[in-house]
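# coordinates only, sequence not included:
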DNA sequence: CTTGCCTCTGACGTCAACGTCAGGTTCTAG
DNA sequence: CTAGAACCTGACGTTGACGTCAGAGGCAAG
């Protein structure tokens, strides 16, 4: 598929897809005229990138991650990095859940007061 | 307490604390010589800011949030904003949990291969 | 009193993940 | 065949949350 379709199916911008390529995250085929051609699996890859970005990983970290995912082969340093990122994301999740609870409290109070008005 | 102590106790930089003040998030007292003096409650406030930043809220959003938290009084637009942010954070948490699972899978495979070597 | 650390204001620097624009090519529907 | 959508390669712009530096003043210990 071409870049516009991939953008539509993943919900990211065309510019973002080209940016991912710049960063070494995606290497689409090219048509004879030079247009990018993506395989079906690119859809899942891009959503994976989005998950990782949402988790606070940088492009470079994701690049480091890719060979681990593609081949499953890792050295000790890579495994340490994986565990470190995992722990960091776990911490972020905890913080977000805290934030959610605090927001829920605020909302509950706000709506109670609004209803009692 | 002075700014350095608050920074140490919250784990954020001195610069960040001054930035929060610029954004209208914190309004510390001042000593006669002009040094910032923070109350105990500032510690919790700052960690709250960090939670919200981690959840992807901007400084301006947090500013909008503060009166809701301090007074509990809200108008309908504010309540809509609160619910929208809540939902957005919920979505982020879901994505992060997905990212965690995917990372866990990668780690499991990587460690199994490393152990089998 | 002076040494060394903390603090002040003001201002410019940074960085990542894109947005946006220019100027040109390619594809597709009618 | 032609209009318009989609695509291409640069290249510069944007934004938020700080980092960093300069130059000056404040404070506790010996």
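Perfect, thanks for sending it. From a predicted model like this one, the values you see are computed outputs, not experimental measurements.
# apart from its chain neighbours, what residue comes closest to residue A:113?
Nearest residue to residue A:113, sequence neighbours excluded (C-beta to C-beta, 6 or more residues apart in numbering or on different chains): residue B:72, at 5.6 Å. To be clear about C-beta, it is placed using only N, CA and C from the backbone, and glycine gets the same treatment.
# contacts only, for the one you found.
Residues near residue B:72 by C-beta atoms under 8 Å, 6 or more residues apart in numbering or on different chains: A:106, A:109, A:110, A:113.
# which SSE is the last one in?
What that stands for is residue A:113. Taking DSSP states H and E as the criterion, residue A:113 maps to helix A:76-116.
# helices or strands next to that helix in the packing?
helix A:59-71, helix B:41-54, helix B:59-71, helix B:76-116 (3 or more C-beta pairs under 8 Å, 6 or more residues apart in numbering or on different chains; DSSP states H and E).
# let's see 10 Å
Here helix A:76-116 touches helix A:41-54, helix A:59-71, helix B:41-54, helix B:59-71, helix B:76-116, going by 3 or more C-beta pairs under 10 Å, 6 or more residues apart in numbering or on different chains; DSSP states H and E.
# circling back to that earlier point, nearest to residue A:67 among the contacts of residue B:72?
Closest approach to residue A:67 among the contacts of residue B:72 (C-beta to C-beta): residue A:106, at 44.1 Å.
# pLDDT at the closest one, what is it?
Model confidence at residue A:106, given as pLDDT, is 83.
# residues contacting it?
For residue A:106, the contacting residues are B:65, B:68, B:69, B:72, B:74, B:78, B:79, B:82, B:85, B:86, by C-beta atoms under 10 Å, 6 or more residues apart in numbering or on different chains.
# which intervals of chain A have sub-threshold pLDDT?
Applying pLDDT under 70 to chain A flags residues A:117.
# around DNA strand D, pick out the residues from chain A.
Proximity of chain A to DNA strand D, by C-beta under 7 Å from any atom of the strand, involves residues A:2, A:3, A:4, A:5, A:7, A:14, A:18, A:34, A:35, A:36.
# now the contacts of residue B:72: which count as buried?
When neighbours are counted using 16 or more other C-beta atoms under 10 Å in any protein chain shown, the contacts of residue B:72 contain these buried positions: A:106, A:109, A:110.
# in contact with the second one, which residues?
Taking C-beta under 10 Å, 6+ apart as the contact definition, residue A:109 lies against B:68, B:69, B:71, B:72, B:73, B:74.
# whichever of those residues end up buried, select them in ChimeraX.
Buried subset of these, written as a ChimeraX selection, criterion 16+ other C-beta under 10 Å:
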select /B:68,69,74
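# intersect the contacts of residue A:109 with the contacts of DNA strand C.
Counting by C-beta under 7 Å from any atom of the strand, no member of those reaches DNA strand C.
# hang on, the earlier thing: closest to residue B:102 out of the contacts of residue B:72?
Set against residue B:102, the nearest of the contacts of residue B:72 by C-beta to C-beta is residue A:106 (32.1 Å).
# relative to residue A:20, how far out is that closest one?
Separation of residue A:106 from residue A:20 (C-beta to C-beta, to the nearest Å): 37 Å.
# cool, and residue A:37?
15 Å.
# comparing the two, which residue is more hemmed in?
It is residue A:20, of residue A:37 and residue A:20, that has more neighbours when counted by other C-beta atoms under 10 Å in any protein chain shown, with 21 against 13.
# quick check: that one is in a helix.
Yes - Residue A:20: assigned to a helix according to DSSP: H, G, I helix; E, B strand; the rest coil.
# that one and residue A:12 touch, don't they?
Yes - if you go by C-beta atoms under 10 Å, residue A:20 and residue A:12 touch, sitting 8.4 Å apart.
# I'm done for today, thanks for sticking with me.
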